[in-house]
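K.L.:
Here you go, sequence then predicted model.
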Amino acid sequence: MLDQPRLVGRSSSHFTRLARMFAEELDIAYAFAPVYDLASRDPADYAGNPALKLPVLVLREGPVFGTENICRTLAERAGEPRRILWTEHLPDLRARNAQELVWHGMGAQVQLVFGMQVARLPAESVYFAKATDGFRDALAWLDANLESVLQALPPRDLSLLETSLFCLLEHLAFRDTLPLAPYGHLSAFAAAWRERPAAQRTAYAFDVATSG
């Protein structure tokens, strides 16, 4: 069963989608194993990840924990060499700041979604209010700097920055957190990336367990 990689995650997760998009862009066949109960505290439900986090890439050699770690592992297994732009290849401070704010936004959205929509904790908590303010300001910074960041990037077939940014932006509407409409540059970027075959094959959805 491990002749091809098995990706354990959720179709509704932007971290999982980032890993899936890398697999699709790199033409790597994989099996997808959804996790239905995000409230589970059993590491076995997370392919043995002791941190109880997703996604996990299960290989014959063992599990791979963490999205960026998975993306790099997939790149190593690609049949054809690709020009992949990783964080360490970003050309300047502004681009590296952009990647940091994308990671921050993805983490903040998990905080908001899990805290308020899954755990149903009170939305008026300063914990969520501060996360929302920081998330909104990060999106504003990304919108203001996106054009100059992209123009400075070297030639590439795929970049972690752009793929992770797209996954974050698409997740805003899917999980109904913050509106994307106020950010014109980010909206245009997301619309362009939405046309990629890898994006269309990994659209967000809620996994539903089948009975029988």
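P.N.:
Here it is on my side, so go on.
K.L.:
give the contact list for L165.
P.N.:
98, 102, 142, 186, 189 (Cβ atoms under 8 Å, 6 or more residues apart in numbering). The way it works is simple: take the backbone N, C-alpha and C, and place the C-beta from them, glycine included.
K.L.:
what secondary structure does it sit in?
P.N.:
helix (DSSP: H, G, I helix; E, B strand; the rest coil).
K.L.:
per-residue pLDDT, it?
P.N.:
Looking at L165, its pLDDT reads 98.
K.L.:
domain assignment for this structure?
P.N.:
The chain breaks down by automatic domain parsing into domains covering 6-82, 84-197.
K.L.:
Okay, now the unreliable bits of this structure?
P.N.:
Applying pLDDT under 70 to the chain flags residues 1-2, 211-212.
K.L.:
Longest helix in it, please.
P.N.:
If you go by DSSP state H, the chain has its longest helix at helix 126-152.
K.L.:
Show me what counts as buried in that helix.
P.N.:
Neighbour-count burial for helix 126-152 flags 128, 131-132, 135-136, 138-139, 142-143, 145-146, 149-150 (criterion: 16 or more other Cβ atoms under 10 Å).
K.L.:
same thing with stretch 62-74?
P.N.:
64-68, 70-71, 73-74.
K.L.:
What of stretch 18-30?
P.N.:
18-26, 28, 30.
K.L.:
Also stretch 75-95?
P.N.:
75, 78, 84-86, 90, 95.
K.L.:
which residues does D133 contact?
P.N.:
D133 neighbours (Cβ under 8 Å, 6+ apart): none.
K.L.:
how close does it sit to R83?
P.N.:
Distance, D133 to R83, using Cβ to Cβ, to the nearest Å: 37 Å.
K.L.:
Could you turn the buried ones of the contacts of L165 into a PyMOL selection?
P.N.:
Buried residues within the contacts of L165, by 16+ other Cβ under 10 Å, are selected in PyMOL with:
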select buried, resi 98+102+142+186+189
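K.L.:
Tell me the one of the contacts of L165 nearest S12?
P.N.:
For those, the residue nearest S12 by Cβ to Cβ is V102; the value is 18.5 Å.
K.L.:
How about the secondary structure of that closest one?
P.N.:
helix.
K.L.:
element containing the residue lying closest to A198 once chain neighbours are set aside?
P.N.:
The spatially closest residue to A198, leaving aside those adjacent along the chain, is E24, at 3.7 Å (Cβ to Cβ, 6 or more residues apart in numbering). Using DSSP states H and E, E24 sits within helix 14-25.
K.L.:
So which elements touch whatever helix or strand comes next after that helix?
P.N.:
Remark: after helix 14-25, the chain's next helix or strand is strand 31-34, criterion DSSP H and E. Contact analysis of strand 31-34 by 3 or more Cβ pairs under 8 Å, 6 or more residues apart in numbering; DSSP states H and E lists strand 6-9 as its packing neighbours.
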